Every structure is written in C-alpha cells, then in structure tokens.
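Enquirer: Quick one, what's the 3D model for this:
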Amino acid sequence: MFALREADRAGGGDNTIILNDQNMDQLLYGLGFGASGGGGGYTIGAALSKAIKDLVPVENRVLYDVARAADDDFIAIAGGIGAPSAITPTTIFKFAEYMDVAISQYEKDHGVKITGLLPIEAGPVNALLAMYYGWVRSQNDPSFKVYNVDGDGRAVPSLTNLVFGYNDYPIAPVYLAGNKGGTVSSSEIQPPPANAAAAEAAIRDNLAPYGDAAGILFWGQTGAQFKASKALVPNRFTQLVTLGAGAMANARDEPNLLQYLISREDIDSVYLGTLRDIKTGSLPGYDDGHLLIQTAGSPNVDLDIHYENENMLLLDAVTGAPKATAPSGIAMLFEVNGGYIPYNNGDNLKGLGLIGHRMITVVMKQKCLLYSGALEQSFATVLKGKPFNYSGPITPKNCTP
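Expert: Numbering: from 1, shown residues only. Take a look at the predicted model:
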C-alpha cells in the first residue's frame, strides 16, 4: 500500500511510510471518522490534503517511525487551536504560518533547533496541518521529520487527555502564535504552566489577543526522551490509511460497508440509522450539542451522541444509559449522493443539510493505555464536568494492544 524509498528501507522493520496521492485520500477519510467528531472538519482537511498533493512531491510525504529519531534531535507537538468559526478551508493555511513563527521564536528563546513535529491529535485538521507544514519545510530542510505518532488515536477536548502529558518531559515552554494587533507574532505563556491542566487554563486566557485563533507549540523533547516515552500512540496514521482505504472502497455499497466495519478488530459496534436532529447546548464558550439518531428498525429517536466538538458520549436516547463513552471513538459516516462521507462536528452538519440523511455510527476501540490509570481518569474527569455531567462508568472497556 505504501511506497518506501530505498533510503527508508535501510532501517528495516520499522513503520516509516510514504503517502502517495491515493494514500492521502485514504488518510483523510480515515481521519474523518477516526477522529470521533473533532480535530477539525473533513472539508478543511480536504483543503490541506489537496495542497499537500499539489505542492509536496510524494518522496517528501514521509511519516517516520519513532526509532528514526536521533538522540540529539529536538521534537515538539504543534497544531491549531481556537474558535471553530475562525478555521476555514481558506484560513487554515495561516495556521501553518503561525506554527512557523512559533517554532522560530521557541528556537530563538531557548537555543534549540526543532528538527521534527508530532501531530497533536488524529483529526482531519490537526493531523494534516502538522504534515502540511512539516512536509513543505522538508523540501528545503531534508532533516526535518514528521512522525507516525499522535496524541491519542482520536481527537480530544482537553490537553489533559493527550498521552504526551504522561511522559517524562514537561509541557512548557508553551508558545502561541497568530495575528495580534495586525502583526503575526509569537510569545511564550508566562509563568510556564506546570502541567497540561495548567496549560489548558492559561491557553484559554491568552487566546483572546490572537482573535481566538492561534498556532500552538509545546511538549518539546529530545529524540532520546521521545524514544523512551512510556505513553505513545505510534503508527496511528498507518492504521487510519488502512481503515480509510477499506471504508472508501465500500462507501457506495451500504451492505458491504457495514460488513467491512463490523469485521474490523478495532471496531466494537456499528449502528445504521438516520440523523433526525441536532440540538445545540446553551452554555457559553462550549461547542456542545446532541446528535439525535433513529436507528434502522426503530420507530423513534433512540441514539444520542453528546459532543463538545469531539463526540464523547453515545447514549440510549430513551433511557439515558451509556452505550459508549470516550476514550472509545464515537465516529460518524453520512450518506450523501449515494455514498458515505465522514463529515464531523467541525463541518457545520446543519449547514450541509444532513438532517434526514442516513448515517452510520461506529464505536471504535482505542489503545489499551487510554483505558487505565491516569489516562482513563482524565477522560472520566472531562465526562463528569460540564457540559456532560456524566458520572457513570467508562464503557465499553474493550481496547487494542
């Protein structure tokens, strides 16, 4: 499926991959529903994917295995953050500029050279944005790498949910960059946040001067620290290309698509239904709401996906009982013009006219490390707070090694 250059074969047995144009389409599709509703809209991801195909030669579209980091490399996590309304298929390319400014300022302030990026999460925008930036840069800086690793295997509502926060390196320095008073600039958040929770609060406090839309850079680490990480989700993009390839191949044949999804070992359950309504929450500052679904054979709405951008709860709409909670993925495919497309909550589902359309809801298993210890507790904490107010169990507990 993937084409490796001879130079990349030399390491042998690792998970370095190169993405051709078909792979880019497959990755976008996989990200569209593997992200569980968040991480940016599918339509914005499509703009990034097209730009990559237009601007970056195939041989530069390399996602490197963890083992390819040298001990003295310096790697950081980068992405975009802010109000969904500020991120469009046109404005998204500004965020690559913001990331570049943040990297330059980080290097100047701290006397390091950043040699690679890790995408912050497996969303259509936040994954492809890091790839777009890194691969464009690699054409002039061949040593610059983007790694086949992300922050969870799905998109998440809080920095506290990302596996990077459970390794032996600090989140600080944390840099924001964007248009501030008519000038693109970057600055380090002060005082340096002690952990992901403190950074989450500080970032929200510092976003307003950037018009609630900024690039973000943090969790800087040496290659040695990266390779020694106790908590990582490696090879997720390889898996999402494979998932996207299989789903795309069956997207215009509903029975075959359902059978394909049901057959996958990383999928727990699949529901065929119709999107009947989208109800938006009233809490200020939250992108929260409910997707109300009538499953095939049911006379009434019987599924409720509660989201805060990311889909976090799948409920029985009649009894309120949980069918699935994060960290399991709660993914969506919508039938449009005879085929299924993985639009998500970043795509203005009402504006796309998807109410009344058939949809497939998929509960996806994630890596087992997300379902235990501090990482599981991080999801439980988000679920207990507003807007979810859920204090039940994490369910299902099925996972992948």
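Enquirer: Under a three-state scheme, what state does the residue of the chain most remote from its centre occupy?
Expert: With distances taken as C-alpha atoms, centre = their mean, the residue sitting farthest from the centre of the chain turns out to be residue 299, at 34.5 Å. Under DSSP: H, G, I helix; E, B strand; the rest coil, the three-state class of residue 299 is coil.
Enquirer: how far away is it from residue 274?
Expert: The spacing between residue 299 and residue 274, counted by C-beta to C-beta, to the nearest Å, is 12 Å. In short, each C-beta sits where N, CA and C put it, glycine included.
Enquirer: and if you look at residue 144?
Expert: With distances taken as C-beta to C-beta, residue 144 is found 46 Å from residue 274.
Enquirer: more crowded one of these two?
Expert: Neighbours per residue, other C-beta atoms under 10 Å: of residue 144 and residue 274, the larger number sits with residue 144, 21 against 17.
Enquirer: Who are the contact partners of that one?
Expert: Listed by C-beta atoms under 8 Å, 6 or more residues apart in numbering, the contact partners of residue 144 are 115-116, 134, 137-138.
Enquirer: Next step: those restricted to helices.
Expert: Secondary structure assignment by DSSP state H places 134, 137-138 of the contacts of residue 144 in helices.
Enquirer: can you map out the helices along the stretch 251-400 of the chain?
Expert: Using DSSP state H, counting those that start in this stretch, the helices of the stretch 251-400 of the chain run over residues 254-263, 373-384.
Enquirer: what sits up against the shortest one?
Expert: When contacts are taken as C-beta under 8 Å, 6+ apart, the neighbours of helix 254-263 outside the stretch itself are 246-247, 249-251, 267, 270, 272, 333, 335, 340, 358, 360, 362.
Enquirer: Now find how far off-centre it is within its chain.
Expert: With C-alpha atoms, centre = their mean, to the nearest Å as the basis, the distance from the averaged C-alpha position of helix 254-263 to the chain average is 24 Å.
Enquirer: Please apply the same query to stretch 192-208.
Expert: A distance of 20 Å separates the C-alpha centroid of stretch 192-208 from that of its chain, computed with C-alpha atoms, centre = their mean.
Enquirer: Residues touching that stretch, excluding its own?
Expert: Outside stretch 192-208, the residues within contact range by C-beta under 8 Å, 6+ apart are 81-82, 158-160, 162, 165, 170-174, 176, 189, 213-214, 216, 218.
Enquirer: Next: stretch 264-276.
Expert: Here stretch 264-276 makes contact (C-beta under 8 Å, 6+ apart) with 239, 243, 246, 254, 258, 261-262, 291-296, 298, 301, 303, 323-324, 328, 334, 349, 354-365, 396, 398, 400.
Enquirer: how about a cut-off of 7 Å?
Expert: With contact meaning C-beta atoms under 7 Å, 6 or more residues apart in numbering, stretch 264-276 is reached by 258, 261-262, 291-296, 301, 303, 328, 354-365, 396, 398, 400.
Enquirer: Tell me, how many residues neighbour the residue lying closest to residue 261 once chain neighbours are set aside?
Expert: Nearest-residue entry for residue 261: residue 270, 4.9 Å, with adjacent residues in sequence omitted and distances by C-beta to C-beta, 6 or more residues apart in numbering. Using other C-beta under 10 Å, residue 270 has 20 neighbouring residues.
Enquirer: Quickly note the distance from residue 270 to residue 296.
Expert: When C-beta to C-beta is the yardstick, residue 270 and residue 296 sit 11 Å from each other.
Enquirer: Check residue 271 too.
Expert: Separation of residue 271 from residue 296 (C-beta to C-beta): 8 Å.
Enquirer: Domain ranges for this protein, per the record?
Expert: 6-234, 253-384 (automatic domain parsing).
Enquirer: Could you pull up the mean pLDDT of the last one?
Expert: Averaged over domain 253-384, pLDDT sits at 95.
Enquirer: and what of the first one?
Expert: Averaged across domain 6-234, the pLDDT comes to 93.
Enquirer: which residues sit in contact with residue 69?
Expert: Contacts here follow C-beta under 7 Å, 6+ apart; on that basis residue 69 touches 75, 116, 223, 226-227.
Enquirer: Filter those down to the ones in strands?
Expert: Using DSSP state E, the subset of these located in strands is 75, 116.
Enquirer: Adding neighbour count and distance to residue 106, write the contacts of residue 69 out as CSV.
Expert: Written out in CSV, the entries for the contacts of residue 69 read as follows (neighbours: other C-beta atoms under 10 Å; distance: C-beta to C-beta, whole Å):
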residue, neighbour count, distance to residue 106
75, 23, 12
116, 22, 13
223, 20, 17
226, 23, 16
227, 16, 21
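Enquirer: of all the contacts of residue 69, which two lie farthest apart?
Expert: Of all pairs drawn from the contacts of residue 69, the one with the longest distance (C-beta to C-beta) is 116 and 227, at 12.2 Å.
Enquirer: ok, which stretches of the stretch 251-400 of the chain are strands?
Expert: Taking DSSP state E, counting those that start in this stretch, the strands of the stretch 251-400 of the chain run over residues 267-280, 288-295, 303-308, 310-316, 322-325, 329-336, 339-341, 358-364.
Enquirer: tell me the most buried of the helices of the stretch 251-400 of the chain?
Expert: Greatest average neighbour count among these goes to helix 373-384 (a mean of 17), per mean count of other C-beta atoms under 10 Å.
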